[in-house]
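Asker: Provide a 3D model corresponding to the input given below.
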Amino acid sequence: MHRELEHSNTVLVAEDSDFFRKGLAHGLIERGFRVIECTTGEECIAQARHEPPAIIIMDMLMPKLNGMAALQALRSHPATASISVIFLTATLKEQDVLGAMDLGVAGYFAKNSIRFDDLVEVIRKAIQPAPQPIPPPLPPMEVPLPVM
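Answerer: The predicted structure follows:
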């Protein structure tokens, strides 16, 4: 199978809370996604470089390397620069939201008010392939008639 197709529905969940990470993974698997789990920003970067997912759902506040630093590292590497990222956070700080949006995140959700269906909708929109342009029709061909 082609590598892009193989990972077209893979979601990498980077979350240090076992409860929250397992709950996300379970819900995503039930909706047909393939899920890879990790617990730190470093693991997220390494996993994304090893097996690029279609999208990453990442906690902003993780031990060692927070979500913003991990996102900057992902954006700076050619193999991971274009992977869509959705941030989850316990606190919505305006400067964090704006900084994440400047780095092109696909979404930003507060953990205490997240609606799972909204998250899934953002994931699906972010990973759907870009529509291919329809080529213009070819001009009619003029076929010369034989001269008699």
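
Asker: residues in contact with T80?
Answerer: I45, A48, R49, P52, L74 (CB atoms under 8 Å, 6 or more residues apart in numbering). Glycine gets a C-beta too; all of them are placed from N, C-alpha and C.

Asker: Would you write a PyMOL line that selects the buried entries of these?
Answerer: Selection of buried members from those for PyMOL, criterion 16 or more other CB atoms under 10 Å:
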select buried, resi 45+48+52+74
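
Asker: Let's see which of the contacts of T80 end up in helices.
Answerer: I45, A48, R49, L74 (DSSP state H).

Asker: ok, the third one touching H77?
Answerer: Yes: proximity of R49 to H77 meets the contact threshold set by CB atoms under 8 Å, at 6.5 Å.

Asker: can you pull up the bridge partners for the residue most central in space within the chain?
Answerer: Centroid-nearest residue in the chain: I55, 2.0 Å away (criterion: CA atoms, centre = their mean). Beta-bridge pairing of I55, defined through DSSP bridges, involves V11, S84.

Asker: Tell me the spacing between it and I36.
Answerer: 11 Å (CB to CB, to the nearest Å).

Asker: Show me the common contact partners of these two, please.
Answerer: Residues touching both I55 and I36 (CB under 8 Å, 6+ apart) are T10, V11, L12.

Asker: State the pLDDT value of the first one.
Answerer: Per-residue pLDDT puts T10 at 94.

Asker: Run a quick neighbour tally on the closest residue to it other than its chain neighbours.
Answerer: Distances taken as CB to CB, 6 or more residues apart in numbering place P53 nearest to T10, at 4.1 Å, with adjacent residues excluded. Residues lying near P53 (other CB atoms under 10 Å) number 24.

Asker: if I look at P53, how far off is S113?
Answerer: In terms of CB to CB, P53 sits 25 Å off from S113.

Asker: got a list of what the nearest residue to D59 once chain neighbours are set aside touches?
Answerer: Among residues not flanking D59 along the chain, E15 sits closest, at 4.5 Å (CB to CB, 6+ apart). Contact analysis of E15 by CB under 8 Å, 6+ apart lists R21, L24, E37, T39, I57, M58, D59, M62, L88.
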